[in-house]
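J.: need coordinates for the following:
(one chain, ligands or ions: 2)
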Amino acid sequence: MNIFAHRGASGTFPENTLASFREAARLPIYGVELDVQRTKDGVLVINHDEKIDRTSNGKGYIRDMTFEEIRSYDFGSWKGEQFAGEKIPTLDEVLDVFKATHHMINIELKTDVFEYPGLEDDVIATVKSHDMMERVLFSSFDHEIVERVIEKAPYNEVGALFMKILVNLDEYGEMLGTHALHVSLVAAKRQAVKKAIELGNKVRVYTINKEEDYDLMEAIGVDAIFTDFPEKMYRHAYSKRYYK
Ligand code: G3P
Ligand code: MG
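T.: Ligands and ions are numbered 1, 2, ... in the order given. Below you'll find the model as predicted:
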């Protein structure tokens, strides 16, 4: 089972910052997940929320701020004084961190609150400018953008993200044109996910931070997990593989 560092190594570092991504890049895990948003002046930046209030000393919506303004805020101190001075990273900067590593990069397109028209074009162009298309898988809770990315990046995996417990997940994925289904832990325990896996879909589950949930996901047969504690989960996986 593959391990993705969720928002980088976000359990121990400030989520979606270069510190968090550098820590993930150091680990022998499969990949990293990050959330992309866009500033008023069109810069692709990495942050989970549409607002910066929770993870910085600033306030307001990213889409209403220029890059110069958003860069003036501190995205590290909320997690601990040792991270003071961390800035919001750009997609360019994060791709640079992983340029020379083996990690797959799951870019989550955060268009499920604001549409950010053309976000997928900007993201694809940025990834291409780094010559890293083969290292990326895309995902979104916004299934309109999932459809568009399937068309625009036909050689990339595009995951449909789900929050709720659904029925006929496999048929829905088929209709959308993807076999990559990214589901929550509660949904992963239900019938629709078991059936989707049996039918050959790649199911990836967020957010797995406990060893017992890791074991459960392995038993269910999921392809990958997203975790805030990639080192802890890797150690757990490693110990099971070699000492069981
Ligand atoms: O992509 C998996 C996971 O990140 C989806 O939820 O809210 O943490 O972006 P969220
Ligand atoms: Mg995410």
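J.: which pLDDT does the model give the closest residue to Glu134 other than its chain neighbours?
T.: Closest residue to Glu134 apart from its sequence neighbours, by Cβ to Cβ, 6 or more residues apart in numbering: Tyr155 at 7.7 Å. Every residue, glycine included, has its C-beta placed from N, CA and C. For Tyr155, the model assigns a pLDDT of 98.
J.: any idea how far Asp92 is from the residue in the chain that ligand 1 sits nearest to?
T.: Distances between the chain and ligand 1 by Cβ to the nearest ligand atom are smallest at Tyr206, namely 3.9 Å. Between Tyr206 and Asp92 the computed distance is 25 Å (Cβ to Cβ, to the nearest Å).
J.: who has more neighbours, those two?
T.: Tyr206 (22 against 14; other Cβ atoms under 10 Å).
J.: next, the residue of the chain closest to ligand 1: phi, psi?
T.: As for Tyr206, its main-chain torsions (degrees, to the nearest 10) stand at phi -120, psi 150.
J.: contacting residues for it?
T.: Neighbouring residues of Tyr206 by Cβ atoms under 8 Å, 6 or more residues apart in numbering: His6, Glu33, His182, Val183, Ser184, Leu185, Ile225, Phe226.
J.: beta partners for it?
T.: Counting by DSSP bridges, Tyr206 is bridged to Ser184.
J.: separation between it and Pro230?
T.: Plainly put, Tyr206 is 13 Å away from Pro230 if you go by Cβ to Cβ.
J.: name the residues contacting each of the two.
T.: His6.
J.: residue ranges with poor pLDDT in the chain?
T.: By pLDDT under 70, the weakly predicted segments of the chain are 242-244.
J.: longest strand anywhere in it?
T.: When the chain is scanned for its longest strand (criterion: DSSP state E), the result is strand 31-38.
J.: what about the residue of the chain closest to ligand 1, distance to His48?
T.: 12 Å.
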